[in-house]
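Student: Sequence first, then the predicted structure:
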Amino acid sequence: MDLGFMWDTFLTLLTGLPLTLELAVTSVVAGSALALAISLLAVTGGEIGRTITRAYVFVFRGSPLLVQMFLIYYGLGQFRHGLQDLGVWGFFREPYWCAVLALTLNTAAYCSEIFRGGLLAVSAQEIEAARACGMSGILLFRRIILPIAIRHALPAYGNEIILMIKATALASVITIMEVTGLAGKLIADSFRAFEIFIVAGAIYLAIIFIVTRMLMAVDFWLSPHMRMRLQS
């Protein structure tokens with residue numbers, strides 16, 4: 001392996017890192033907001049709400065993310081005139097926003113099930129105790145239900161964040177020059193796939209390592225019993 005070439009490759013791929021992180025952060029934040037709304041609809045929306053959420057989750061968890069991205073970017077492009085009439089063609093003609101939309105819709109399907117499980121994990125006794133203290137409605141949800149649900153959902157939600165960071169690599173197939181897109185361009189120019197993908201993989205490993213440590217810190221912060229155990 002040529003270490004000099006790998007260093008040059010590393011510097012080149014680093015220029016795509018901000019776009020990779022931007023894709024991941026935007027998709028995770030938007031997807032989490034949508035997932036929370038879907039999970040609340042599933043829990044409180046009755047049979048109609050459960051039917052809608054089940055259909056949504058089935059479609060986006062049951063089909064590959066790559067296919068979803070192709071359908072949004074290439075498929076919807078066939079309806080250009082209709083999208084222009086609706087005033088949304090400017091959104092769908094940009095590969096970046098198509099990638100964000102595909103990633104958001106996909107992660108929302110997974111996160112909604114994670115959040116739903118977290119909400120259902122809040123025991124009736126805890127809710128009744130909060131009501132006995134005079135809490136109800138939004139205050140009950142904000143002070144009791146949501147924090148407990150987040151604590152239960154955090155391990156699975158952390159895994160989904162990591163998966164979404166790695167899934168941003170699929171954006172390269174619709175011409176987005178993030179880390180994997182730049183790696184593909186370098187391979188086309190140099191035909192040195194092994195060294196280039198080692199560098200790209202190392203960059204992703206570094207990102208995942210940092211994110212994993214951040215999630216562990218959040219988990220520790222949300223677990224008072226763990227802090228008390230260390231202090232004692």
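Tutor: Ah, there it is.
Student: how about low-confidence regions in this protein?
Tutor: Where the chain drops to pLDDT under 70, the residues are 224-232.
Student: does the residue nearest the centre of the chain sit in a helix or strand, and which one?
Tutor: Closest to where the C-alpha atoms of the chain average out (C-alpha atoms, centre = their mean) is residue 28, at 3.5 Å. With elements taken from DSSP states H and E, the one containing residue 28 is helix 17-44.
Student: quick one, what contacts residue 195?
Tutor: Residue 195 is in contact with 1, 2, 5, 6, 9, counting by C-beta atoms under 8 Å, 6 or more residues apart in numbering. All C-beta spots, glycine's among them, are computed from the backbone N, C-alpha and C.
Student: which of these sit farthest apart?
Tutor: Pairwise distances across the contacts of residue 195 (C-beta to C-beta) peak at 10.8 Å, for the pair 1 and 9.
Student: Counting neighbours, go ahead and name the busier of the two.
Tutor: Set residue 1 next to residue 9 and count neighbours by other C-beta atoms under 10 Å: residue 9 wins out with 24 against 9.
Student: just checking, what packs against the helix or strand where residue 68 lies?
Tutor: Using DSSP H and E, residue 68 sits within helix 65-70. Here helix 65-70 touches helix 95-120, going by 3 or more C-beta pairs under 8 Å, 6 or more residues apart in numbering; DSSP states H and E.
Student: Okay, buried residues for the helix it packs on please.
Tutor: Within helix 95-120, the residues scored as buried using 16 or more other C-beta atoms under 10 Å are 95-116, 118-119.
Student: Next secondary structure after it?
Tutor: Heading C-terminal from helix 95-120 (DSSP H and E), you reach helix 124-132.
Student: The following helix or strand past that following helix: which residues count as buried?
Tutor: Using DSSP H and E, the helix or strand that follows helix 124-132 towards the C-terminus is helix 137-140. Residues of helix 137-140 classed as buried: residue 140 (neighbour count, 16+ other C-beta under 10 Å).
Student: now swap in stretch 143-158 and tell me
Tutor: Neighbour-count burial for stretch 143-158, counted by 16+ other C-beta under 10 Å, picks out 144, 145, 146, 148, 149, 151, 152, 153, 154, 157, 158.
Student: what's the answer for stretch 209-217, then?
Tutor: For stretch 209-217, a neighbour-count test (16+ other C-beta under 10 Å) marks residue 215 as buried.
Student: quick check, distance from that stretch to the centre of its chain.
Tutor: Stretch 209-217 has its C-alpha centroid displaced from the chain centroid by 15 Å (C-alpha atoms, centre = their mean, to the nearest Å).
Student: Residues in contact with it: which ones?
Tutor: Contacts to stretch 209-217, defined as C-beta under 8 Å, 6+ apart, come from residues 154, 158, 161, 162, 165.
Student: Same list (these) but as JSON lines, adding distance to residue 50.
Tutor: Formatted as JSON lines, the contacts of stretch 209-217 follow (distance: C-beta to C-beta, whole Å):
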{"residue": "154", "distance to residue 50": "24"}
{"residue": "158", "distance to residue 50": "26"}
{"residue": "161", "distance to residue 50": "26"}
{"residue": "162", "distance to residue 50": "29"}
{"residue": "165", "distance to residue 50": "31"}
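Student: Looking at those, spot the one nearest residue 175.
Tutor: The closest of those, once distances to residue 175 are taken by C-beta to C-beta, is residue 165, at 20.0 Å.
Student: residue contacts, the residue nearest to that closest one when sequence neighbours are not counted?
Tutor: Nearest residue to residue 165 in three dimensions, chain neighbours excluded: residue 24, at 4.7 Å (C-beta to C-beta, 6 or more residues apart in numbering). Contacts for residue 24 were tallied using C-beta under 8 Å, 6+ apart; they are 161, 164, 165, 168.
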